[in-house]
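[1] fold the following.
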Amino acid sequence: MDNLKERWGLTSNWQILAILLAFSVNGSFAAWVAKPITEFIGISSEVDGWIFWIIRIPLIFVVYQITLPITGWIFGQFKFFWNMEKKMLKRIGFKRFFQEEE
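    The predicted model follows:
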């Protein structure tokens, strides 16, 4: 626990618990939201097989990234998740949107 607190810059074990819960809830939520979207598009795992998964996995990733700061806010850890989100966006190529903060 101390390693996580040090690495993530946290002060209590409750923050670690809140962050881990937020990750768990957000992952389940992203998968839950992706299901009706794929149904709306008209793609199902029974009929379309591997095409379904090629579309669904990136869809879950996008929903996850969008909802992660919101879930973090609900669990009282918005600052942690917003910093993590900025780091992730920089890594995938959106550096120019965050240059003024450096």
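[2] quick check: closest non-adjacent residue to F78.
    Once flanking residues are discounted, F78 sits nearest to G72: 5.0 Å by CB to CB, 6 or more residues apart in numbering. Heads up, the C-betas are built off the backbone N, CA and C, glycines and all.
[3] and that neighbour, how many residues sit next to it?
    G72 is flanked by 23 other residues according to other CB atoms under 10 Å.
[4] contacts for the lowest-mean-pLDDT helix or strand in the chain?
    Of the helices and strands making up the chain, the lowest-confidence element is helix 45-48, at a mean of 74, by mean pLDDT, DSSP states H and E. Contacts made with helix 45-48 from outside it, assessed by CB atoms under 8 Å, 6 or more residues apart in numbering, are listed as F52, W53.
[5] buried stuff in that helix?
    D48 (16 or more other CB atoms under 10 Å).
[6] and stretch 49-67, by the same measure?
    Neighbour-count burial for stretch 49-67 flags F52, I55, R56, L59, I60, V63, Y64, T67 (criterion: 16+ other CB under 10 Å).
[7] longest helix of this structure?
    Ranked by number of residues, the top helix in the chain under DSSP state H is helix 13-41.
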